[in-house]
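Novice: Coordinates only, no sequence provided:
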């Protein structure tokens, strides 16, 4: 049963620290998405990649967030420096541009 | 740009009763439509999708949805709910051209009571 995996599942850090979240997409999927979920904003897209190339990162604060796909089995989302307003659940999803997306379990980030 | 409206933030219902969760969308281009379910502290799971063809689509766990293009709606239905259906349900759309990312509604919390 192929699944998207994310690590860590939970992260508590202090303001100003660097945070790195990792995602392993389902093998064979050519598109990877990063979403953020908060009570106030709901689910919002941060960035997505196709065939490891960034296609859209317009939803991401450029000054502190960065997303990469060093290889087809790993996607990373980095926040540096982190701020309390970054506290949220971050989801990775993989799939294809035309079809459904399969979500990982999420990383719950708390920045104090 | 697309937008998705889920009119009901919460829907309480008794076990074995039917339920309908409403979803309306707005888009200047054609879209594909999806319903996802999120159980507490979990990721989103695809319930069903409409890409083309028959406007009535069936998904997992006994759910179905009907695409109505004239009313720009994609309401989710289940004839008889179970306690285990208690969760948050999200309607989402993706355009068939342009920025190919899901736009989600604000979610509807389905609370099934015994």
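Specialist: Yep, it's here. All values reported here derive from a predicted model rather than from experimental measurement.
Novice: okay, CA-based contacts and neighbour counts for the rest of this
Specialist: OK.
Novice: So out of everything in chain B, what residue is nearest chain A?
Specialist: In chain B, no residue comes nearer to chain A than residue B:43, which is 4.2 Å away by Cα to the nearest Cα.
Novice: How many neighbouring residues does residue 30 have?
Specialist: Because you didn't say which chain, this covers chain A. When neighbours are counted by other Cα atoms under 10 Å in any protein chain shown, residue A:30 registers 17.
Novice: I was thinking of chain B, sorry if that wasn't clear
Specialist: Neighbours of residue B:30 (other Cα under 10 Å): 15.
Novice: Do I have it right that it meets residue B:98?
Specialist: No. Contact criterion Cα atoms under 8 Å: residue B:30 and residue B:98 do not qualify, at 10.7 Å.
Novice: Check which helices and strands the helix or strand of chain B with the lowest mean pLDDT sits against.
Specialist: Ranked by mean pLDDT, DSSP states H and E, the weakest helix or strand in chain B is strand B:103-104, scoring a mean of 91. Counting contacts by 3 or more Cα pairs under 8 Å, 6 or more residues apart in numbering or on different chains; DSSP states H and E, strand B:103-104 is packed against strand A:42-50, strand B:3-5, strand B:87-95.
Novice: Which single residue of chain A ends up nearest chain B?
Specialist: For chain A and chain B, the shortest gap (Cα to the nearest Cα) falls at residue A:105, measuring 4.2 Å.
Novice: got the contact list for the nearest residue to residue B:81 once chain neighbours are set aside?
Specialist: Distance criterion Cα to Cα, 6 or more residues apart in numbering or on different chains; nearest residue to residue B:81, sequence neighbours excluded, is residue B:16 at 4.8 Å. With contacts defined as Cα atoms under 8 Å, 6 or more residues apart in numbering or on different chains, residue B:16 is in contact with B:79, B:80, B:81, B:82.
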